[in-house]
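>>> Output the structure for:
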Amino acid sequence: MKAEHGGNIYAASRDSQQKEAIWLDYSANINPLGLAPSVKAAMLQAIDSVIHYPDADAYDLKRAICRAYGISSELITVGNGAVELLYVLSHIIQPHKVLVMAPTFSEYERAACSSGAQVSYYVLHAHDDFKVKSTVLINQIEMSQPELVFLCNPNNPTGVLMPPAEIAEVIAAAVKIKSFVVVDESFLDFLHWNVWTCQPLLSKFPNLIIAHSLTKFYAIPGLRLGFVLASEIMTRKLHLSKDPWNVNSIAQAAGVAALGDEVYAEQSRTYITQEKKFFYQSLGKISGLKPYEPAANYILVDIRQSPWTASALRQKMMEQKILIRDCSNYEGLGDDYIRLAVKSHEQNEQVLQVLQNIMKGELL
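Purely as a prediction, here's the structure:
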């Protein structure tokens, strides 16, 4: 397992001796509308508060999460990004065996390995458009008997959504073997969240844990902010196991402002819905590229029909000051896939033109 993620403009700048501002970053799936003015104002207003410790109860932030997602504060644990809490969870559960999808976000496997677990894969296939077959997944859970299962919905990098009813069947199967199921809903804010969330299942299944990042949708990855929803028992364990001041004062203030900015949220969903359709359809018209229909703000692209490998195409795009996600370190993908973020219309048109020129051999 190779630990590598998108959005590393710092390494790209060091390697190329270029300034960070030159890069057009398509390797990280961040809201192209950028930082909301309300969030920036809240962060600036909170600066003076850093002479004090952060609120260890994250009282205002939890209230904001309650209002935004209709959940009891007794079920909320806030984190320095959702990933922090995945590691804490793994160390609480101490699983011997963990099941993850392949391909999927690599931090599930890293979190599991950090607690000494053995990881196995439910492999998604290109010939099935990387769709999850719940009956096959349930069979594998029953066969391999993992204590912890990670699901990502929509899955990253494939962009495939799994209906909550099918996830409920998986969770029910996991209950029978006393296994926990973590469902990562970090990209659901880009969709109609209430249609796809598993949150209503929390009262039925105490083995369900929902992870949710706020950094992608609200364009604050440098701030790190996320939360986990779980049973009251698991929530108490999480609070006992994490750093009490794990979310700093500025991040808490930013989260409150972001979750209260309904205009920004609706504008973001409308923009992404329109732009991902344009970008997906336009990519499909470029010879050598096969994009997979996206659910959220990123698109997986099969480049096997082009003369390029993912690593070579990544390097070529860097020459044009564009960063893309080379998917070769994703389990189950190899050097035939890239992932592109959905950004502004002007930026998407620029990337489409560069890809078109490369595929035509005009930028060799």
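>>> contacts, neighbours, all on C-alpha from now
OK.
>>> what sits up against the lengthiest helix in the chain?
In terms of residue count, the longest helix belonging to the chain (DSSP state H) is helix 262-283. The contact list for helix 262-283 (CA atoms under 8 Å, 6 or more residues apart in numbering) reads 31, 33, 36, 189-191, 217, 289-294, 296-299, 342-345, 348, 352.
>>> Look at residue 7 and report its pLDDT.
pLDDT recorded at residue 7 is 65.
>>> Show me where the protein has its helices.
Counting by DSSP H, the helices of the chain are 9-16, 37-46, 59-69, 82-93, 107-114, 134-144, 164-176, 193-196, 232-241, 249-260, 262-283, 310-319, 345-359.
>>> so what's the nearest residue in space to residue 162 that is not next to it in sequence up against?
The spatial neighbour of residue 162 that comes closest, neighbours along the chain excluded (CA to CA, 6 or more residues apart in numbering), is residue 153 at 6.2 Å. By CA under 8 Å, 6+ apart, residue 153 lies in contact with 160, 161, 162, 183, 184, 185, 186, 187, 188.
>>> The second one against residue 295, yeah?
Yes. Counting by CA atoms under 8 Å, residue 161 does reach residue 295; the two are 6.7 Å apart.
>>> More neighbours: these two, which one.
A count of neighbours by other CA atoms under 10 Å puts residue 295 above the other of residue 161 and residue 295, at 22 against 19.
>>> Below-threshold pLDDT in this structure: ranges please.
The chain contains residues with pLDDT under 70 at 1-4, 6-7, 20, 363-364.
>>> check contacts around the residue nearest the centre of it.
Closest to where the C-alpha atoms of the chain average out (CA atoms, centre = their mean) is residue 186, at 4.9 Å. For residue 186, the residues meeting the contact criterion (CA under 8 Å, 6+ apart) are 153, 211, 212, 213, 214, 216.
>>> hang on, the earlier thing: list residues touching both of residue 161 and residue 295?
Counting by CA under 8 Å, 6+ apart, the residues touching both residue 161 and residue 295 are residue 154.
>>> who's in contact with stretch 113-122?
87, 90-91, 94-102, 109, 112, 137, 140.
>>> Out of the contacts of residue 153, which comes closest to residue 175?
Nearest to residue 175 out of the contacts of residue 153 is residue 183 (CA to CA; 14.4 Å).
>>> burial count for that closest one?
24.
>>> partners of it in the sheet?
In this entry, residue 183 is beta-bridged to residue 151, residue 210, by DSSP bridges.
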